[in-house]
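A.B. asks: Provided below are the primary sequence and the corresponding predicted coordinates.
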Amino acid sequence: MPTTDNITFEGSGGSDGAGGAGDAAAAGRRETTEGTVFTVTGQDWDSVVSGVADEHAERVVVNMGPQHPSTHGVLRLILELDGETVTEARVGIGYLHTGIEKNLEFRNWTQAVTFVTRMDYLAPLFNETAYCLAVEKLLGITEQIPERANVIRVMMMELNRMSSHLVALATGGMELGALTAMIFGFRERETVLDLFELVTGLRMNHAYVRPGGVAQDLPSGAVEKIGESVKLLRTNFKDTANLLVDNGIWKARTEGVGYLDLVGCASLGVTGPILRATGLPHDLRKSQPYCGYENYDFNVVTRDTCDAYGRFLIRLEELSESLKIVEQCLERLEPGPVMVEDRKIAWPAQLALGSDGLGNSLDHIRHIMGESMEALIHHFKLVTEGFAVPAGQAYSAVESPRGELGVHVVSDGGTRPYRVHFRDPSFTNLQATAAMCEGSMIADVVAAVASIDPVMGGVDR
Amino acid sequence: MTETNLPEPAASGGIATPAPAVDPDAAYVGGEAVAQRRGMFAARGSGDTSGYGLLQRVVSLPGASARPYGGTFDETADALAAAYPAYGEAVEAVVVEHDELTFHVRREHLLEFVQALRDDPTLRFEMCMGVSGVHFPEQTGRELHAVYHFLSITHNRRVRVEVSVPDTDRHLPSIVSVYPTCDWHERETWDFFGLVFDGHPALTRIMMPDDWPGHPQRKDYPLGGIPVEYKGAEIPPPDQRRAYT
Amino acid sequence: MGLEEKLPSGILLTSVEKLAGYARKNSLWPATFGLACCAIEMMATGAGRYDLARFGMEVFRASPRQADLMIVAGRVSQKMAPVLRQIYDQMPEPRYVLAMGVCASSGGMFNNYAIVQGVDHVVPVDMYLPGCPPRPEMLMDAILKLHDKIQDQKLGSQRRREVVELEAAAMAAVPSSAMKGQLR
């Protein structure tokens, strides 16, 4: 409500204006010690209204969040409004800060994977892989990672890319009111989560990719199951596409919204679908391949509309590209080890389901207790102390569903990370919110943030 | 679970002898010494029965590399020397390790250095991947390192720039005027390490609450956990447990 | 709640309690308090495969003033704790809190400066659900156990008496770390 205690009006009853301070001052405004005094003489109410607007321009500052159904997680948007238009948008983050980076300094290199996986919780395998690639760089074993481990890593990452894009589409749809899109997205995601559960044991936050390879080989029947799921997903993705692509309401909400061109992206350091929506085909899987990505045939999806609709179309098409890569992975799988040869680094144990629950497989126990003393020593040292990584620093980056996920690892030669810093794509992409939202309506802010697809676990770490 | 078994807090590192003072000009000759370790099995506070009690090892990060650096790194270094006339004074050392190129730059020259990185056509590092802070409490005179990573999409190259500042004077120039993306990254590094970026438009806390005291990711800040309760027992929080390094 | 004020205390309350419990438990409306990974599993529980709507919990109310159940799903950081309390305070009685996941129950794997070690430091919790993240079936199990608790909840003066008794029992109980003997 505007405060009117500084404005006083005097009626001067009729337009004769006789007596008092003369005609000039009778109708108009004068400044007093208590604020502006408007004198109205009739027929000139407009001057008062415009005067009030000038003097007391209403600064309405609205706080959206941190608890809000439409802000992707605990994001606080501080919007200064002029009616329905946003004149200034500021972002408040830190509501999910978990201190993961500091926690890693008190854990082994392998135990750190379990923490790192929970940063960007929609793309846990990307966090793990980026971290493991950096550690393997420091260890100098990048060339010795077995082929099968690399193929499995690529396959799991692409499945994760699909599940992450599905959540982006689902929650984006929900925030804009398309609840059916949410149900479709989560239905498809359940198929992918079933595959994760089959291979890694968990639906989310699997600590599966470890320095040296992956924790366990694919169980029997996994390849067939993944093949069937790929076919199912290929059919099901059409549902979301039919619902939203070229949908008048969807386009009205997302076309032209959240505009950020190439100059804006480069200066703000924005990568991922937002950068590819400007037309630049920058994808780390093609330009700086890792884990054998150079051997796969897939396209880098771009659009040149620089808006939320373009990003939505990119994510939809990247789903199909990921399916292609998963199929190629299934064909490339050859029998072999999934952990590096060096027994001083390779994770020793294999989990299996026994009569009393999940634990070390009996084969492994027989091996370390009965067959090899060295294996027992390696097992003991690796699970208590962990392996030591030579001193130095390394940076490795992967193309996560949101952009470039970079990890900077510093080692002091010990069994614990000295410093691990994640350059999370959501953290950097979220800086673009102000550039995208200022000048648009509040509803467009919701669409723009949904198109950035920030995951607050990655933003706040 | 008794108190006497707990090692000293990580900050002191259990080091009795003073850390070697590092000569800034010779910092990178033969490796960059960052810490000193004594004994084995991190026995601190109690008697060291390992027999390795007098063992002293200096932890060093890789030192300066000699030319030729290999790959495209020589071109990058030459292009920088051409684009930035004060290259000789600005760069303390060039380290090539694990197929990565790192320039250790003095803080006075940082802003112009990164300007050359971005603007020169043969360099054209358009994207800055942000700042990462590292704290080496025993490297007197160079405790806080700020590490910047750059990516050139045009030439498909990466480079790293590292700046070291002493704990007593934690200032370095902000590169937000050249790379606006570093806005939040510099705020985060200030929040967690206490590194003040001069020239930053709004250097405030970003992750921690606005009135939080201290800078959490420094090595002298405790992890801050609570003891873990089990039935009939209690174990100390992670930073006070036995470590093996 | 209006019902409790209008009834004479202590008389014929048992069947009314059962009826009120039945009505309350079958139309619990959750307030959206999804924070991190557990929020995604909570959304999955509300989605097609593990349908929460069959328990009357379809509508996730955005406004806490219209909600009865706050499912704290995810890790609560020091910065978020006052917000959590504020949302809890805005909920009208009868209100219930379900701490979903280990981070909400006890701080989880993050035993550090940034995370509140259990939301029971901030709000009173009715049901703790461990898991990292708990599977949708586990969340539904926790909700059904909460339903049982709500069904058996007393009204009016009986409730006040019950609360006093529970508190006295909790204050006299042996803390976990001091338990000795058979640890089962």
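C.D. replies: Here it is on my side, so go on.

A.B. asks: kindly report the residues of chain C close to chain A.
C.D. replies: C:32-37, C:39-41, C:43-44, C:47-49, C:60, C:62, C:74-75, C:77-80, C:83, C:87, C:109-110, C:112-115, C:132-133, C:135 (Cβ under 8 Å from any Cβ of the partner chain). Every C-beta, even on glycine, is put in place using the N, C-alpha and C of the backbone.

A.B. asks: can you list the residues of chain A near chain C?
C.D. replies: Close to chain C, as judged by Cβ under 8 Å from any Cβ, chain A has residues A:66-69, A:73-74, A:94-100, A:102-103, A:114-115, A:118, A:121-122, A:167, A:171, A:182-183, A:186-187, A:189-190, A:193, A:203-205, A:456-457, A:460.

A.B. asks: please redo it, this time with the cut-off set to 6 Å
C.D. replies: A:66-67, A:69, A:74, A:94-99, A:103, A:121, A:183, A:186-187, A:190, A:204-205, A:457 (Cβ under 6 Å from any Cβ of the partner chain).

A.B. asks: among these, name the ones in helices.
C.D. replies: Secondary structure defined by DSSP state H assigns A:103, A:183, A:186-187, A:190, A:457 of the residues of chain A next to chain C to helices.

A.B. asks: ok, so what distance separates A:L316 from A:S322?
C.D. replies: Applying Cβ to Cβ, to the nearest Å, the value for A:L316 to A:S322 is 11 Å.

A.B. asks: same check, this time on A:K231
C.D. replies: 14 Å.

A.B. asks: one step back: tell me which of the ones in helices among the residues of chain A next to chain C is nearest to chain B?
C.D. replies: Using Cβ to the nearest Cβ, A:N103 comes nearest to chain B of those, at 7.0 Å.

A.B. asks: give the residues shared as contacts by A:L316 and A:S322.
C.D. replies: Common neighbours of A:L316 and A:S322, counting by Cβ atoms under 6 Å, 6 or more residues apart in numbering or on different chains, are absent.

A.B. asks: A:F422 - nearest residue in space that isn't next to it in sequence?
C.D. replies: A:V407 (5.6 Å; Cβ to Cβ, 6 or more residues apart in numbering or on different chains).

A.B. asks: assign a three-state SS to that neighbour, would you?
C.D. replies: strand (DSSP: H, G, I helix; E, B strand; the rest coil).

A.B. asks: which residues does the residue of the stretch 151-300 of chain A found nearest chain B contact?
C.D. replies: Proximity to chain B, evaluated over the stretch 151-300 of chain A using Cβ to the nearest Cβ, is greatest for A:G269 at 2.9 Å. Residues in contact with A:G269 (Cβ under 6 Å, 6+ apart) are A:428, B:127-128, B:181.

A.B. asks: and the residue most central in space within chain C, what helix or strand is that in?
C.D. replies: Computing the C-alpha centroid of chain C and ranking residues by Cα atoms, centre = their mean puts C:V97 first, at 2.3 Å. Here C:V97, judged by DSSP states H and E, is contained in strand C:96-100.

A.B. asks: by contact count, what packs against that strand?
C.D. replies: strand C:69-73, strand C:127-129 (3 or more Cβ pairs under 6 Å, 6 or more residues apart in numbering or on different chains; DSSP states H and E).

A.B. asks: can we see that at 7 Å?
C.D. replies: Contacts defined by 3 or more Cβ pairs under 7 Å, 6 or more residues apart in numbering or on different chains; DSSP states H and E place strand C:96-100 against strand C:69-73, strand C:127-129, helix C:136-151.

A.B. asks: what angle do the last one and strand C:69-73 make?
C.D. replies: Same thing as helix C:136-151. Interaxial angle of helix C:136-151 relative to strand C:69-73 (axes from the mean of the first three to the mean of the last three Cα atoms, to 10 degrees): 150 degrees.

A.B. asks: would you tell me what the next helix or strand after helix C:136-151 is?
C.D. replies: Toward the C-terminus from helix C:136-151 - assigned by DSSP H and E - lies helix C:156-172.

A.B. asks: list the buried ones in that next one?
C.D. replies: C:156, C:158 (16 or more other Cβ atoms under 10 Å in any protein chain shown).

A.B. asks: the residues of chain A next to chain C also near chain B: which ones?
C.D. replies: Counting by Cβ under 7 Å from any Cβ of the partner chain, A:94, A:97, A:99, A:103 from these sit close to chain B.

A.B. asks: coming back round to it: the residue nearest to A:F422 and A:A130 touch, don't they?
C.D. replies: Yes - using Cβ atoms under 7 Å, A:V407 is in contact with A:A130, at 4.6 Å.

A.B. asks: more neighbours, those two?
C.D. replies: Neighbours were counted for A:V407 and for A:A130 using other Cβ atoms under 10 Å in any protein chain shown; A:A130 has more, 31 against 25.

A.B. asks: thought the more buried one was touching A:V398?
C.D. replies: Yes - between A:A130 and A:V398 a contact is recorded at 4.5 Å, counting by Cβ under 7 Å.

A.B. asks: which non-adjacent residue is nearest the residue in chain C that chain B sits nearest to?
C.D. replies: Across chain C, the shortest distance to chain B (Cβ to the nearest Cβ) belongs to C:Y113, at 3.0 Å. For C:Y113, ignoring the flanking residues on the chain, the nearest one in space by Cβ to Cβ, 6+ apart is B:G224 at 3.0 Å.

A.B. asks: tell me the SS of the one you found?
C.D. replies: Applying three-state DSSP: B:G224 is coil.

A.B. asks: do you know how far it is from A:N242?
C.D. replies: When B:G224 is compared with A:N242 (using Cβ to Cβ), they lie 51 Å apart.

A.B. asks: who's more crowded, these two?
C.D. replies: B:G224 (18 against 11).

A.B. asks: pretty sure the more buried one contacts C:N112?
C.D. replies: Yes - in this structure B:G224 lies within contact range of C:N112 using Cβ under 7 Å: 5.3 Å.

A.B. asks: look up phi and psi at the nearest residue to B:I235 once chain neighbours are set aside.
C.D. replies: Distances taken as Cβ to Cβ, 6+ apart put B:V228 closest to B:I235, at 5.1 Å, once the chain neighbours are dropped. Backbone dihedrals for B:V228, given as degrees, to the nearest 10, come out at phi -90, psi 120.

A.B. asks: look up how far B:V163 lies from B:V228.
C.D. replies: Distance from B:V228 to B:V163, by Cβ to Cβ: 39 Å.

A.B. asks: so which of the two has more stuff around it?
C.D. replies: Comparing B:V228 with B:V163 by other Cβ under 10 Å, the one with more neighbours is B:V163, at 24 against 17.

A.B. asks: and the more buried one, which of the three is it?
C.D. replies: B:V163 - assigned by three-state DSSP - is strand.

A.B. asks: give me the pLDDT value at it.
C.D. replies: Reported pLDDT at B:V163 in the predicted model: 93.

A.B. asks: B:R241 too?
C.D. replies: 82.

A.B. asks: that one and A:F106, how far apart?
C.D. replies: 8 Å.

A.B. asks: just want to know which of these two has more residues nearby.
C.D. replies: Taking other Cβ under 10 Å, B:R241 and A:F106 do not tie; A:F106 has more neighbours (22 against 13).

A.B. asks: hmm, the more buried one is touching B:L223, no?
C.D. replies: Yes - the pair A:F106 / B:L223 is scored as a contact, 6.0 Å apart, by Cβ under 7 Å.
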